[in-house]
Every structure is written in structure tokens, then in C-alpha cells.
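Visitor: what follows is a predicted protein model with its sequence.
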There are 2 protein chains.
Amino acid sequence: MRILIVEDEPKIAQSLATALTAASYSVDTVSDGEEAWFRGDTENFDLVILDLGLPKIDGLSVLKRWRAEGRTMPVLILTARGAWMERVEGIDAGADDYLVKPFQIEELIARVRALIRRSVGQGSALLTAGGLTVDTRQMRVLIEGSPVAVSPLEYRLISYLIHHKGRVVPPTELIEHLYGDDDARDANALEAVVTRLRKKLGQDLIETRRGFGYIVADLPA
Amino acid sequence: MRILIVEDEPKIAQSLATALTAASYSVDTVSDGEEAWFRGDTENFDLVILDLGLPKIDGLSVLKRWRAEGRTMPVLILTARGAWMERVEGIDAGADDYLVKPFQIEELIARVRALIRRSVGQGSALLTAGGLTVDTRQMRVLIEGSPVAVSPLEYRLISYLIHHKGRVVPPTELIEHLYGDDDARDANALEAVVTRLRKKLGQDLIETRRGFGYIVADLPA
DNA sequence: TGGCGTCCGTCAGCATGTTGTCAGCTTTGA
DNA sequence: TCAAAGCTGACAACATGCTGACGGACGCCA
């Protein structure tokens, strides 16, 4: 799960990043609104933590723009002090939750977990393509209705692909999703995972488009 | 990828053109709003870089007219100083991104890359001309509805041509698009690719305009 | 603490696909 | 008719992706 932290105060950003990384999220950090808008627009994050007081463009405007453009990832707003108006505006602008500074890190992690759980659960819990089913609630993979044991990494890979079924997903994007771009892995690591997955799921579910990436066909169940 | 630069300050226009050419885009430059409007209306650009302060017609008006006429190419606005109002108006008028002068060339290139990536991703997934269809989501080529296996380079070639259907594309532009001018290739390399493609797609889809380039006719499907 | 199993990145080797080059050919237009 | 432009089949070098083997890291349990 990738999280974007938008926070101009380096100390706060740093401590958030540390805590979330420890909670095994993959974290990117930006410090101004313009950059935030840009990154949120061009990359796929599973959650954004958004401070409102930012250089260049303020947080609320960034959020409004994302929503106007149809970006739907959950956004958790950080408001300074208990400024009630800000909270209301934030919710109006499309925020999913907010947290008042100063806050306990544990509290933040809990909210993050809840938001991600909610957004994952929001889409139907069952993703299917052909004979393959991914149950996102139980984190299980089924072939023709019977469960197949897959490792965590394998699960994240197949669930990402099936989430984007019918579209060729470039290896760079997969690597980014699986590992985050901090500790980049060799393309071969990905290939190895694909091989192991195919062995468990059947050869033809994940197709290779040589030179472009992988795709799970958008077949009716 | 073709980029139109609209900038009345020759020095800036020049340095943009140089940098973008180096980044292997094919660049056209105009210096007033009237000319910009005309070119953007009659030719296919993959991106427009638009300065707001222009002779004859100002940038915002040009942009609004394009949008009113249904032109959808991404537009990156250059605003002088951090004039907030200009930014807001620009976004309202249909700009996709903006950059405040003075800026780093690297920053600009990054934005350009992201905008083009985004627009390729969202543009309608199916490009058609006659019996030919290019599915940009699945990265597949179909003839009369049935898939044809093409190599990555072949795919990029036909998808570029069909993207610019109805227009003669000079070989230099194709070579630039396929290879970037870092490692330039012989014109013959391109001819070889065209030959292989024609063998797979049918002889008459890609027409040669001797002395000028290649064209895919703009036929109804 | 030590033994065991799982997970997963790395490596090397392999198969196959891809593509530039070359040489000779055909077409075109003046 | 001639030269330039473009086409094409063959080929070899290269790139891409797949896979089995290996071993380090980690968690689990006694």
C-alpha cells in the first residue's frame, strides 16, 4: 500500500514517514502543494495524508482539484488546532477523515488503517476475471471457487493486476506498487514472482505483452 | 511526440525548443496568439506549452477557444510571477498544468512527460482507421476485430501513425519518435519496420507519400 | 537458543523474439 | 532513361522474459 504524505514541516513529515514505514506501508513525501497535486495526479496512491497549510497551493485547493479530476483515493486531512471551519471545508472538498494537530502517532495509524480498509472494502470484496477470484476481505485467491495458497507478495501482485484488469500494467508500475520506489528491485525479482504465481494459478491468466508489461484479461466470470 | 511552443520571448522559446528537442520531442514554435490558435486548430499536437502574455490574442483566450471547439490536447501554461489569479483562470479555462516563470528546465521536462503520459492513458482506448483498431489499454492491434501480433516497435509505429491519421508524417519525425535522437537510426531501419508491419496489417493501410513520409488514411471505421 | 519452514531476491542459463544492417531489388518521377 | 527513393529477404547481434537452483532473512516453536 502506497501512501503520499503532504507536509511542509520536515520534522512532522519525517516522523510520519517513519511510523508508517514501520507499519509496513510504502511512503512518499512531498512538501508543497504544487508537487502534491502533481504526484497525486500522475501516480497511484492508496491514501494521501494532507496538511492544509502548504506553500504554493494550499491543501484544500489541491484536494478540490483532485476530486474535480475524478481522483478518488482516500484523503486524510491534518488541520492545525481545532479550526472548525477548516474541518467543514475539508469534508466539503472531499476529505474522508481529518485529524487535529497535535496528534498521537498511534491515532494516525489507526485512522490510516481504517481508511484503507474502508476503501478496499468499498469496491466489491470479490474481484474476478475468468476463473480467478480475489477475495479482498479474506485476502484469499480462488481458482474456479477453490482456494489457492499464495504468498503475501504474490497476493499483492495478482490483486493489483486484477484491479486493473483489461489494461497492460508496465513492470515499472508493478515494481513501484510492490516495493515503493525507495528500495527499487530488479525487474527480475518481479519476473520471479510472476513465474511462481503462474505456477499456482495456471499459465495463461497473466499474459505477457512483451516490451510493455503484464495484463489480466477482462473476461466475464 | 509533437509539441507546440507558444512564446513571444525569443530567448525563452529558443531554450525551450532546445531542451525539448534534446528530450526527443519534435517541436514547433509560434510567437503570437493568432498563429497559435490557427496551428493548434489545424494540426495535431500532443501537447501545447502556452505563455499567457502574447501579442494579438492572449494565451487564455486562445486556450478557451480551443476548448470551445472541442480540442482536447493537454496544455501547459506558463505564468509570469506567481500570479494566483492567472493560475486559477488558467485551470478554469482548461489548462492541464501550469508552471511559474522562472522555472528549471528539468522541472518543465518532467511536467511535459507526465502530461503526455496522462493524456495517453486517458484518451479513448480505441483508435481506429478503416478496418484497423489499436487498443491502447491492452496494447493490441486488431484487423477487422481480430488480434494481430505485432512487436513493440511496430506497435509504437502504427499507434503513432493512427494517432496522427489523415496527416503525412515525415520519416524524421517517426525516427525521432521511435528512437529519440540520442541513438539515431538509419532511415532504412524505419523502412524495414514499415515493411514488416505492412506484411502483418495488409499492404494498403500505411501509404507512402514519396518524398514526404507515411500516412494512415482517416477513414470511417 | 537452535532447528525448521517459508518467502523471496539473486544468479545464470536458456529460448525466443526483436530489430538493425546489408545488399540487391523495384518503383517513381523528371 | 536515369537517379533517387523506397522496399524487402536474409541474417546476425542483441534484448527480453522465463525458469530452476540457491541461499539469506525472517518468523515460529520447542
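Guide: Now that the structure is in, tell me what you want to look at.
Visitor: for chain A, what lies in contact range of DNA strand D?
Guide: When proximity is defined by CB under 7 Å from any atom of the strand, chain A lies next to DNA strand D at A:171, A:187-188, A:191-192, A:194-195, A:198-199, A:203, A:208, A:210-213. Heads up, the C-betas are built off the backbone N, CA and C, glycines and all.
Visitor: OK, contacts around the most centrally placed residue in chain A?
Guide: Centroid-nearest residue in chain A, with CA atoms, centre = their mean: residue A:46, separated by 2.1 Å. For residue A:46, the contact set (CB atoms under 8 Å, 6 or more residues apart in numbering or on different chains) comprises A:1, A:2, A:3, A:73, A:74, A:116, A:119.
Visitor: let me have those in a markdown table, extended by neighbour count and pLDDT.
Guide: Listed next are those as a markdown table, based on neighbours: other CB atoms under 10 Å in any protein chain shown; pLDDT from 0 to 100:
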| residue | neighbour count | pLDDT |
| --- | --- | --- |
| A:1 | 18 | 79 |
| A:2 | 20 | 86 |
| A:3 | 25 | 90 |
| A:73 | 18 | 87 |
| A:74 | 23 | 90 |
| A:116 | 18 | 82 |
| A:119 | 15 | 72 |
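Visitor: could you tell me which of those residues belong to helices?
Guide: Residues of those located in helices (DSSP state H): A:116, A:119.
Visitor: pick the one among the contacts of residue A:46 closest to DNA strand D.
Guide: Of all the contacts of residue A:46, DNA strand D sits closest to residue A:1, with 17.8 Å by CB to the nearest atom of the strand.
Visitor: can you pull out the strands in chain A?
Guide: Assigned by DSSP state E, the strands in chain A fall at A:2-6, A:26-30, A:47-51, A:75-79, A:97-100, A:126-129, A:132-135, A:140-143, A:146-148, A:206-209, A:213-216.
Visitor: quick one: name the residues of chain A near DNA strand C.
Guide: Residues of chain A lying near DNA strand C (CB under 7 Å from any atom of the strand): A:149, A:151-154, A:179, A:185-186, A:188-189, A:192-193, A:196, A:210-211.
Visitor: can you report how many residues lie near residue A:68?
Guide: Residue A:68 has 11 neighbours, counted by other CB atoms under 10 Å in any protein chain shown.
Visitor: so for it, what's the pLDDT?
Guide: Residue A:68 carries a pLDDT value of 71.
Visitor: distance of the residue nearest to the centre of chain A relative to residue A:140?
Guide: 20 Å (CB to CB, to the nearest Å).
Visitor: run through the residues that contact the residue lying closest to residue A:119 once chain neighbours are set aside.
Guide: In space, and not counting its chain neighbours, residue A:119 is closest to residue A:74: 4.8 Å by CB to CB, 6 or more residues apart in numbering or on different chains. Residues touching residue A:74, when contacts are defined by CB under 8 Å, 6+ apart, comprise A:46, A:47, A:48, A:96, A:97, A:115, A:116, A:118, A:119.
Visitor: same deal with residue A:31?
Guide: Contacts of residue A:31 by CB under 8 Å, 6+ apart are A:6, A:7, A:8, A:10, A:13, A:54, A:55.
Visitor: and if you look at residue A:157?
Guide: A:174, A:178, A:190, A:193, A:194, A:197.
Visitor: got the contact list for the closest residue to the last one other than its chain neighbours?
Guide: The shortest distance from residue A:197 to any residue that is not its chain neighbour, by CB to CB, 6+ apart, is 4.9 Å, and that residue is residue A:154. Residues touching residue A:154, when contacts are defined by CB under 8 Å, 6+ apart, comprise A:193, A:196, A:197, A:200.
Visitor: hmm, residue A:153 and the first one touching each other?
Guide: By that I understand residue A:193. Yes: counting by CB atoms under 8 Å, residue A:193 does reach residue A:153; the two are 5.8 Å apart.
Visitor: how deep is the residue of chain A found nearest DNA strand C tucked in, by neighbour count?
Guide: Nearest residue of chain A to DNA strand C, counting by CB to the nearest atom of the strand: residue A:151, 2.7 Å away. Using other CB under 10 Å as the criterion, residue A:151 is surrounded by 12 other residues.
Visitor: re the thing from before, which one of residue A:193 and residue A:153 is surrounded by more residues?
Guide: Neighbours per residue (other CB under 10 Å) separate residue A:193 from residue A:153, with residue A:193 holding more: 19 against 16.
Visitor: how about the residue of chain A found nearest chain B, nearest residue that isn't a chain neighbour?
Guide: Using CB to the nearest CB, residue A:211 is the residue of chain A that sits closest to chain B, at 3.0 Å. Distances taken as CB to CB, 6+ apart put residue B:152 closest to residue A:211, at 3.0 Å, once the chain neighbours are dropped.
Visitor: any idea how far that neighbour is from residue B:139?
Guide: 9 Å.
Visitor: overlap in contacts, the two.
Guide: residue A:212.
Visitor: follow-up on the earlier one: return the closest of the contacts of residue A:157 with respect to residue B:167.
Guide: For these, the closest approach to residue B:167 (CB to CB) belongs to residue A:174, at 35.1 Å.
Visitor: who touches residue A:49 in this structure?
Guide: Applying CB under 8 Å, 6+ apart, we find residue A:49 in contact with A:3, A:4, A:5, A:6, A:7, A:16, A:75, A:76, A:78, A:108, A:112.
Visitor: now, which of those residues sits nearest residue B:217?
Guide: After measuring the contacts of residue A:49 against residue B:217 - CB to CB - the closest member comes out as residue A:4, at 44.9 Å.
Visitor: related to what we said a few turns ago, can you put the contacts of residue A:157 in a markdown table and add pLDDT?
Guide: Converted to a markdown table, the contacts of residue A:157 look like this (pLDDT from 0 to 100):
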| residue | pLDDT |
| --- | --- |
| A:174 | 91 |
| A:178 | 87 |
| A:190 | 96 |
| A:193 | 97 |
| A:194 | 97 |
| A:197 | 96 |
